[in-house]
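Enquirer: predicted coordinates and the sequence they were generated for:
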Amino acid sequence: MKQYSVLSVSAGYQEKRRSMYYVWHKGEWEQLVNVQALHHGLMVTGADGIGKREFCLALAKFLLCDNKELKVSGGDCGRCQNCELFDAGTHPDFHLLTSETENIQTRIPLVSAYSDRYQNVQARGKKTKPGKIIPIDQIRLLIERFSTQPHISQHKVVLVMPADAMNTNASNALLKLLEEPPENSTLILMTSSPGFLPATIRSRCMLVNLPTPRRESALEWLSQSMDEETASLSLKLANEGPLDAKQFADNGFLDTQGQYMNQVSNLVASNITPLALAMDLSKSDLSIFLGWLHGFVCEVIVWRVSEIKPNRFDSSDLVWSSKSFSVERLYALYDKIIFYKSIVREPINAQLVTEDLILTLKSAIR
C-alpha cells in the first residue's frame, strides 16, 4: 500500500520513511498533532474504508515516541526504542481493544498483535463464529493494566476499535476511565457510527472527523493495483471508501455485489419469491449484505426524488427504474436497515432478519 511519505531531518540523521496514515488525511493529522494540550479522550470518526485505523495507529505511535529531537514534521522519529517496539507489536504502554472478528479479519498485522493481549486466543480459535462485540471483560482488564505507571514511555495510549462494538456494560465501564483518566494517558475511540455510542461517552471526547478522499485521489490510489474500470466500479460499490474498494476487488466481493443486484432485479420482475431469495441471502455475510442494501436503498431514494440516475446504476442492465419503487416504503426499509446494522454484532437470527428486509423490499415494489 502506498501511504504518505514524510521527510524526517535532524543532525546526522536524514532519511525518507513512511507514515502510517494516508495522504488524504494530511491536513487533519497536522492540525491534531500540533495541538499543545491534546484532549485525553479522542473520538476518530469518518466513513468506512478511508483509513481511520491507520490514522489512529499513527497517532498512538506519535504519542508514545519520546525522542523530541527526532520528532519532526508532526511525526514519530521511527528509530527510538518506543517506535521500534511499537512497530514490532510489543510496546508495553500501548493497549488495543477490538472484537474477535476484527482481530481475525484485519488487514493490519499490528491490530492482531496487540489485541491478542486482551483475547482468549485458544478459545477464539475453536469458535465457528468469532464474537463481533467488545465485552466488558476486556474493559475490566484494561482498567487493571492501565492504572499502573508507564513502563518505558512517558505516555500511555488506549485504542478501542471499532468503539461501537462495545456492548452496553463495556461502554459503561469505559466511561469511568474517561471520567477519571490516569495521568499522561490518551484514550482513542475509533468508529464509523458515533451515534451507536452513548451520549455520555461522546460528550467526554474530542471529535476528530476524517473526510472521505476526493474521488480523483481515491481512483489514483486504486489504479496502482487494478485497472481503471475495476477501480471505478469498486469505489462506487464501496460508497467511495478506497480501502474497502480495494478489499472488494481483492477478495472477489465485486462478484457478490453483482449477484445482489441480479437478485433484486429478479425480485422486481417476480422471477423469485421473497422467501426463497431471503433463504439464499441468509447464507452470505449479514454485515456485507446490510452494507450493500443500505447503499442501494439510499441511491434508489435519491434517484426517485431527483430523477438523477446514480453512478451505481450507470453500467447496470436494469429491467426497472426508480419509479418501480414506493419512496415511502423505501424509507421504512431504510429504518429497518439502520436498526439491524446497530445490532448486527449481537447474536441474531440472520434468516429472520433477511426475510424481514426482503419482504419489506418486496412491499416497496409498485
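Expert: Cool, got the structure.
Enquirer: could you measure from His155 over to Phe86?
Expert: 12 Å (C-beta to C-beta, to the nearest Å). C-betas here are computed from N, CA, C, even on glycine.
Enquirer: now for those two: what residues contact both?
Expert: Common contact partners of His155 and Phe86 (C-beta atoms under 8 Å, 6 or more residues apart in numbering): Leu64.
Enquirer: so for these two, which residue has more residues nearby?
Expert: Phe86 (26 against 18; other C-beta atoms under 10 Å).
Enquirer: ok, and the closest non-adjacent residue to that one?
Expert: Using C-beta to C-beta, 6 or more residues apart in numbering and skipping residues adjacent in sequence, the residue nearest Phe86 is Lys61, 4.8 Å away.
Enquirer: what helix or strand is that neighbour on?
Expert: helix 52-64 (DSSP states H and E).
Enquirer: elements contacting that helix?
Expert: Using 3 or more C-beta pairs under 8 Å, 6 or more residues apart in numbering; DSSP states H and E, the elements in contact with helix 52-64 are helix 26-33, strand 41-45, helix 81-88, helix 109-115, strand 156-160, strand 185-191.
Enquirer: end-to-end on stretch 154-171?
Expert: 27 Å (C-alpha to C-alpha, to the nearest Å).
Enquirer: when you give positions from now on, start the count at 19
Expert: From this message on, residue numbering opens at 19, which makes the last subject stretch 172-189.
Enquirer: what residues of that stretch count as buried?
Expert: 173-185, 188-189 (16 or more other C-beta atoms under 10 Å).
Enquirer: max pairwise distance over those: which two?
Expert: His173 and Asn185 (28.4 Å; C-beta to C-beta).
Enquirer: hang on, Leu60 packs against Met224?
Expert: Yes: contact criterion C-beta atoms under 8 Å: Leu60 and Met224 qualify, at 5.4 Å.
Enquirer: okay, those two: which has more neighbours?
Expert: Leu60 (20 against 13).
Enquirer: now that one, nearest residue through space, not along the chain?
Expert: Ile206 (4.9 Å).
Enquirer: ok, the one you found touching Val62?
Expert: Yes: the criterion here is C-beta under 8 Å, and Ile206 meets it with Val62 at 6.3 Å.
Enquirer: give me the more crowded residue out of the two.
Expert: Neighbours of Ile206 and Val62, each counted by other C-beta under 10 Å, are more numerous for Val62; the result is 26 against 23.
Enquirer: need the contact list for the residue nearest the centre of the chain.
Expert: Centroid-nearest residue in the chain, with C-alpha atoms, centre = their mean: Asp66, separated by 4.7 Å. Contact partners of Asp66, counting by C-beta under 8 Å, 6+ apart, are 210, 256-257, 259, 262, 309.
Enquirer: separation between it and Ser305?
Expert: 11 Å.
Enquirer: likewise for Phe73?
Expert: Look at Phe73 and Ser305: by C-beta to C-beta, they are 22 Å apart.
Enquirer: between these two, who's got more neighbours?
Expert: Using other C-beta under 10 Å as the criterion, Phe73 and Ser305 rank with Phe73 on top: 24 against 15.
Enquirer: the more buried one contacts Gly45, correct?
Expert: No: using C-beta under 8 Å as the test, Phe73 is too far from Gly45 to be in contact (11.9 Å).
Enquirer: let's test this: name the helix or strand in this protein with the lowest mean pLDDT.
Expert: strand 23-28 (a mean of 28; mean pLDDT, DSSP states H and E).
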